[in-house]
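**Q** need the 3D shape of this:
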Amino acid sequence: MTPLQQAREEWEQNTVACPKIHYIGKNPYQHEFRQYGKAIAWLEWDDEFIEIKKIETLQQGQGAATKLVEFLKTLADKYHVRLFGNAVIYPPDPPAPEGHLFTQAQLESWYGKHGFILRKIRNTGITAIWYPNIPPNSTS
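**A** Numbers count the residues shown, from 1 in each chain. Modelled structure (predicted):
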């Protein structure tokens, strides 16, 4: 079993399936979120890293997203795999959480505070996030 497969197995043992319907226009798509505490994450398991597609809290102001990200970082450290994603604000799907939603700058700051390396992707306006480091062949 590869380190990435081991990380995925531990993720699945410590989370609960929480599929969520997301609408693009009028078309529904099901994303395979998993719940960790009071937060959910949709991850994709690449050959070389864990891609964070989306993270959402189920209760704002409780530190749920922080706990989820810290667990993902623990897996990355334990199995020597990278986390990757794009720090992108997206409108939440119903039921939308009440309260304050992050701005783009706040989201980037949040990831930075949690030890992610941020890198602007040339000419796109998108900020990539990496933990624990950026692969040497990264061209962003």
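
**Q** the longest helix in this structure is where?
**A** Longest helix in the chain by number of residues (criterion: DSSP state H): helix 64-79.

**Q** got a list of contacts for the lowest-mean-pLDDT helix or strand in the chain?
**A** Using mean pLDDT, DSSP states H and E, strand 20-24 stands out as the lowest-scoring helix or strand of the chain, at a mean of 78. Residues outside strand 20-24 that contact it (C-beta atoms under 8 Å, 6 or more residues apart in numbering): 28-31, 33, 40, 42, 93. From N, CA and C alone the C-beta is placed, and that goes for glycine too.

**Q** one more time with 6 Å, if that's ok
**A** With contacts defined as C-beta atoms under 6 Å, 6 or more residues apart in numbering, strand 20-24 is touched by 28-31, 33, 93.

**Q** what's the answer for stretch 53-68, then?
**A** So stretch 53-68 is contacted by 36-42, 44, 97, 99 (C-beta under 6 Å, 6+ apart).

**Q** hmm, 8 Å instead?
**A** By C-beta under 8 Å, 6+ apart, stretch 53-68 touches 31, 33, 35-44, 69, 85, 90, 92, 97-100, 114.

**Q** among those, name the ones in strands.
**A** Within the contacts of stretch 53-68, residues falling in strands by DSSP state E are 31, 33, 35-36, 39-44, 85.

**Q** farthest pair within the residues you listed?
**A** Spatially, the most separated pair among the ones in strands among the contacts of stretch 53-68 is Q35 and G85, at 18.1 Å (C-beta to C-beta).

**Q** need the contact list for V88.
**A** 104, 107, 126-127.

**Q** out of these, who's nearest W11?
**A** Closest to W11, out of all of the contacts of V88 and judged by C-beta to C-beta, is L107, at 22.3 Å.

**Q** flag the shaky bits of the chain, pLDDT-wise.
**A** By pLDDT under 70, the weakly predicted segments of the chain are 92-99, 137-140.
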